[in-house]
Each structure stands twice: as C-alpha cells, then as structure tokens.
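Just the structure for this:
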Amino acid sequence: MAEALQVHLDEMRSKGLRLTRARRAVIDALVDGHGEHLSAIDIAGRLGTAHSDGEPPIDQSTVYRTLETLERAGIVTHTHMGHGALVYHLADEPPHQHLLCVDCGKTLGVPEDELIRLFDEITARTGFVADPTHVAISGRCADCMGDRRASRQGPSRGGPTTRPAATTS
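Sure thing, here's the model as predicted:
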C-alpha cells in the first residue's frame, strides 16, 4: 500500500499539485479502499475526526473540493450510481463498468472488455459512442433475483407476470 500511495503522490507532484494534508489523506483513503466504490462521505468517514498529530479534522467540504481537484488532474474518476451519491476511485484502476442492484444496493464491477462488444455494436448501429464508465447499469443482483423467484413476485424485469385483461364496456 505504501508503494501505491507514493506512486499517486509522485503523480500529483508531476502535475504541479501541492501535497496538502487533505490531498494526501484522500489519496491514502482511496488507495486503502482499492476496488471499493467510495462516496465523498465514505472517504470523509475514513479520515476520522481526531488526528494524532494535533491537526484539526478534514471536513467533508474539503474532501469534496479535494476530489474535484484530483479529478481535474486525472488522478481520480467518478461514477453516477443511480440516485445516490457519486462514487470515486483512482483513475489507474483497470477500466470497468458498475452494476448496481436496485433492491439491495450492492455494486459489482465488470471488466470493460466483457462489455465492449455490446458498446461497439451500439456504436455501429447508431453512431453513438457511449461512455459506459461514467454511469452504472441498474438491475438486480443474483441474490435479490433468487429472493424474488422464491417469493414469486414476478419475472426478472420486475414487471407484471401477466398482461391485464382487456375490459369491454
């Protein structure tokens, strides 16, 4: 972890960013949370409220500003997770797509290369080039689908099991 932290601190220096206490702490939290999907609130929570060095705590607004600065520098990226908060991770993580369960909130990462053919097909048919890393794909995880099947609440898409009967007047 110390080596990964140093790589990102060196990257910040090479991009002309000052290594403030807040920037160092946010990078450290993201390195420690490698592979997780952390919101600014999650990161602020990991930074804690008390510091052994006697420094005041890093407040949430500073975390947000720091994340914006690091994103502009290309060190951090964010993803929109449905109606929830943005989540952040280091930009050097392997490209992946986020899958968000609408029932339990579980987030899964799928390597981008597993979905690239789908996005290439969309581009070929429509000319539209998607940025799939910026938003999550919503759906239901295997556990929640198993729960839905067990309770017979409907098909996998969550819609009605039958069409309503036509009524005549």
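
ok, the residue most central in space within the chain to H78 distance?
With distances taken as Cα atoms, centre = their mean, V87 lies nearest the centre of the chain, 3.9 Å away. Distance, V87 to H78, using Cβ to Cβ, to the nearest Å: 7 Å. The C-beta positions use only the backbone N, C-alpha and C, and glycine is treated the same way.

where along the chain do the strands fall?
Using DSSP state E, the strands found in the chain span residues 76-80, 86-90, 96-101, 107-111, 137-139.

close enough to count as contact, the residue nearest to the centre of the chain and S39?
Yes - at 5.5 Å, V87 counts as touching S39 under the criterion of Cβ atoms under 8 Å.

can you put the strands of the chain in TSV and add mean pLDDT and distance to D28?
Output for the strands of the chain, formatted as TSV (pLDDT from 0 to 100; distance: least, Cβ to Cβ, whole Å):
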stretch	mean pLDDT	distance to D28
strand 76-80	88	13
strand 86-90	89	11
strand 96-101	85	22
strand 107-111	84	21
strand 137-139	88	30
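
thinking again about what came up before, got a list of what the residue nearest to the centre of the chain touches?
Contacts for V87 (Cβ atoms under 8 Å, 6 or more residues apart in numbering) come out as H37, L38, S39, H78, T79, M81, H98, T107.

So which of the residues you listed is the closest to G16?
H78 (21.6 Å; Cβ to Cβ).

got the contact list for that closest one?
L67, E71, L86, V87, Y88, H134.

List the beta-bridge partners for it.
Y88 (DSSP bridges).

Please write out the alpha-carbon positions of the helix-or-strand element of the chain with minimal mean pLDDT in CSV.
Ranking every helix and strand in the chain by mean pLDDT, DSSP states H and E puts helix 142-151 at the bottom, with a mean of 81. The C-alpha coordinates for helix 142-151 follow below in CSV (Å, rounded to 0.1, in the frame of the first residue of the first chain):
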residue,chain,number,x,y,z
ALA,A,142,-28.2,-12.8,-8.3
ASP,A,143,-29.1,-12.8,-4.6
CYS,A,144,-32.1,-10.5,-5.0
MET,A,145,-33.3,-12.3,-8.1
GLY,A,146,-33.2,-15.5,-6.1
ASP,A,147,-35.2,-13.9,-3.4
ARG,A,148,-37.7,-12.6,-5.9
ARG,A,149,-38.1,-16.0,-7.5
ALA,A,150,-38.6,-17.7,-4.2
SER,A,151,-41.3,-15.3,-3.2
